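Q: how does the following fold in three dimensions:
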Amino acid sequence: MRFTPTPLFTISALLALAAAMSAHAQVYKTLPRGVRMLGYRNVQTTRISSEYNQSQAESPISYSLNATAPVLEEASETIRYFFQQLQATNPGAYNNFTYGEYQIDGEAQMQVHGMGLGYGITDRLTVYGMLPYYTANVRVKYKQNRPSNVAETSDKVATGATSDSAQLLANTLAAFPEGNGNLLQSVVVNVYGYQELGNWQGSGYGDMELGMSYNVVDRGYWGLTLTGGAVAPTGRVDDPDMLQDIAFGDGQWDGFAEAATGYSFTDHFRVGTTVRYTYQAPAEKTLRVPTSRDYTLSEQKGTFDVKFGDRVDASFLATAVFNDWFSLTPAYEVFYQAPSQYSSAFGAANDYLAYNSDRMGHNARMTASISSISPYMKKQFLLPAQLNFMVQQTVSGKNVPKVGRFEMELRVLF
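A: This is a model prediction of the structure:
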């Protein structure tokens, strides 16, 4: 199974670097002039073994493979010749032949370390940059859901045999060993040309985000900040020769624009919302060339011009401020990514890849914050910093993994 980057796996906006001198800042606040902020975030996911499919129903992350005659005959010229003779001798036996149906199941778990730095150029203008570092573990299991029908096929050929060659085919089929996991590995490696299935571990940097935030309005009780920037393709992309790897980036430049606004009802209760639009630039990618809309395994690779769908992210949050030190923020996050577009010399494959490529995700989030910024300003503490503990869970979606996240974030102003 290929784990493609999603709102969890890209974990975009790993570090929300917009901060303020207030202990429990509104989302529209920027850094004061000359103030720097260093941020570190650690993200640990739960085990990811299911996803929300195109019908928005939860389903396991898996592939099915039916080892039929047309599939197996791609393994070598000798095997192709054998099945060609079977098809010529008994077309029905050829069409019904299977060496078993197999299921490949996988689960993944990730840890992300994110580092970011922000700087207040003026009281209204903040620039920032952030870069995540991923560690991923994938565990793969495969099992046989349906046995082979070699014996049945052999009997059918023998029953209808009218020549010595037909009887030889029947005897050859009868001598076939039973299909098992070794056969599955052989098909994946020798027929389709993928690397051997198995557990996978990887680590590396993700895509780097650079941005600039400008505080347009700050009336004390409400405000508005606009942010723009780019995401550079510094992360690891999918390897078309591996089924079980995880990408840490999507392989092309992105540009984004974001608006953040908030309102304070009292000193102890505030609300905010952010909306981001991301444009994903076209890029050339090497991909497997699918032969049908619903079956993505393929032995052929090709070059595609890929335009991933543009994306809209929105978050809605409310903060309860208990005192200068502690606050609690529940939030709801939603995103939608439009269908992707593919262009290549493989006409039908372009449509197969684009089919059902839009994505949507809904996440519930809770953040507990401990801040020394307000006590620092009151000269009651030596260091202006904030420590956040977060838990997040995917609650629904389309074509996204179901995942929980546990996070710890430290922000230090200096």
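Q: helix or strand for the nearest residue in space to residue 389 that is not next to it in sequence, which one?
A: With C-beta to C-beta, 6 or more residues apart in numbering as the criterion, residue 389 has its nearest non-adjacent residue at 4.8 Å, and that residue is residue 368. Every C-beta, even on glycine, is put in place using the N, C-alpha and C of the backbone. Element membership for residue 368, per DSSP states H and E: strand 359-371.
Q: what's the neighbour count on residue 55?
A: 8 (other C-beta atoms under 10 Å).
Q: so what does it have for phi and psi?
A: Backbone torsions for residue 55, taken as degrees, to the nearest 10, come to phi -90, psi 10.
Q: ok but residue 86 is inside a helix, no?
A: Yes: counting by DSSP: H, G, I helix; E, B strand; the rest coil, residue 86 falls inside a helix.
Q: need the contact list for it.
A: 69, 93-94, 97, 157, 169, 173 (C-beta atoms under 8 Å, 6 or more residues apart in numbering).
Q: about what we covered before: report pLDDT for the residue nearest to residue 389.
A: In this model, residue 368 is scored at 96, pLDDT.
Q: each with direction, which strands does the strand holding residue 368 pair with?
A: With DSSP bridges as the test, strand 359-371 is paired with strand 326-337 (antiparallel), strand 385-398 (antiparallel).
Q: got the contact list for that strand?
A: Strand 359-371 has contacts (C-beta under 8 Å, 6+ apart) with 6-8, 23-24, 52, 56, 309, 317, 324-337, 385-400.
Q: swap the cut-off to 7 Å and go again
A: Outside strand 359-371, the residues that touch it by C-beta atoms under 7 Å, 6 or more residues apart in numbering are 6-7, 23-24, 325-337, 386-400.
Q: CA atoms of it as PDB?
A: Output in PDB follows, covering the C-alpha atoms of strand 359-371 (Å, rounded to 0.1, in the frame of the first residue of the first chain):
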ATOM      1  CA  ARG A 359      -9.500  14.700  -0.700                       C
ATOM      2  CA  MET A 360     -11.300  16.000   2.400                       C
ATOM      3  CA  GLY A 361     -10.600  15.800   6.100                       C
ATOM      4  CA  HIS A 362     -12.200  16.800   9.400                       C
ATOM      5  CA  ASN A 363     -10.100  16.900  12.600                       C
ATOM      6  CA  ALA A 364     -11.000  17.600  16.200                       C
ATOM      7  CA  ARG A 365      -8.300  19.100  18.300                       C
ATOM      8  CA  MET A 366      -7.600  20.100  21.900                       C
ATOM      9  CA  THR A 367      -4.700  22.200  23.200                       C
ATOM     10  CA  ALA A 368      -3.600  22.900  26.700                       C
ATOM     11  CA  SER A 369      -1.200  25.800  27.100                       C
ATOM     12  CA  ILE A 370       1.100  26.900  29.900                       C
ATOM     13  CA  SER A 371       2.600  30.300  29.200                       C
END
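Q: buried sites along it?
A: For strand 359-371, burial by neighbour count (16 or more other C-beta atoms under 10 Å) applies to 359-363, 365, 367, 369, 371.
Q: and for stretch 272-287?
A: Quick answer for stretch 272-287 (16+ other C-beta under 10 Å): 272-274, 276, 278, 280, 283, 285, 287.
Q: for those residues, which one is nearest residue 378?
A: residue 272 (24.1 Å; C-beta to C-beta).
Q: and the closest residue to the closest one other than its chain neighbours, how far from residue 285?
A: Taking C-beta to C-beta, 6+ apart as the measure, residue 272 lies nearest to residue 262, with 3.4 Å between them; neighbours along the chain are not counted. Distance, residue 262 to residue 285, by C-beta to C-beta, to the nearest Å: 39 Å.
Q: what does residue 111 give?
A: 27 Å.
Q: next one: residue 151
A: As for residue 151, its distance to residue 285 is 45 Å (criterion: C-beta to C-beta).
Q: give me the buried subset of the contacts of strand 359-371.
A: Neighbour-count burial within the contacts of strand 359-371 applies to 6-7, 23-24, 325, 327, 329, 331, 333-337, 386, 388, 390, 392, 394, 396-400; the criterion is 16+ other C-beta under 10 Å.
Q: helix or strand with the lowest mean pLDDT in the chain?
A: helix 181-186 (a mean of 73; mean pLDDT, DSSP states H and E).
Q: show residues contacting it.
A: Helix 181-186 has contacts (C-beta under 7 Å, 6+ apart) with 65, 67, 99, 102, 142, 196-197.
Q: can I get that helix in PDB, CA atoms only?
A: Output of helix 181-186 as PDB, limited to C-alpha atoms (Å, rounded to 0.1, in the frame of the first residue of the first chain):
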ATOM      1  CA  GLY A 181       3.300 -15.800   0.400                       C
ATOM      2  CA  ASN A 182       6.400 -16.600  -1.600                       C
ATOM      3  CA  LEU A 183       4.400 -16.600  -4.700                       C
ATOM      4  CA  LEU A 184       3.000 -13.100  -3.800                       C
ATOM      5  CA  GLN A 185       6.500 -11.800  -3.400                       C
ATOM      6  CA  SER A 186       7.500 -13.300  -6.700                       C
END
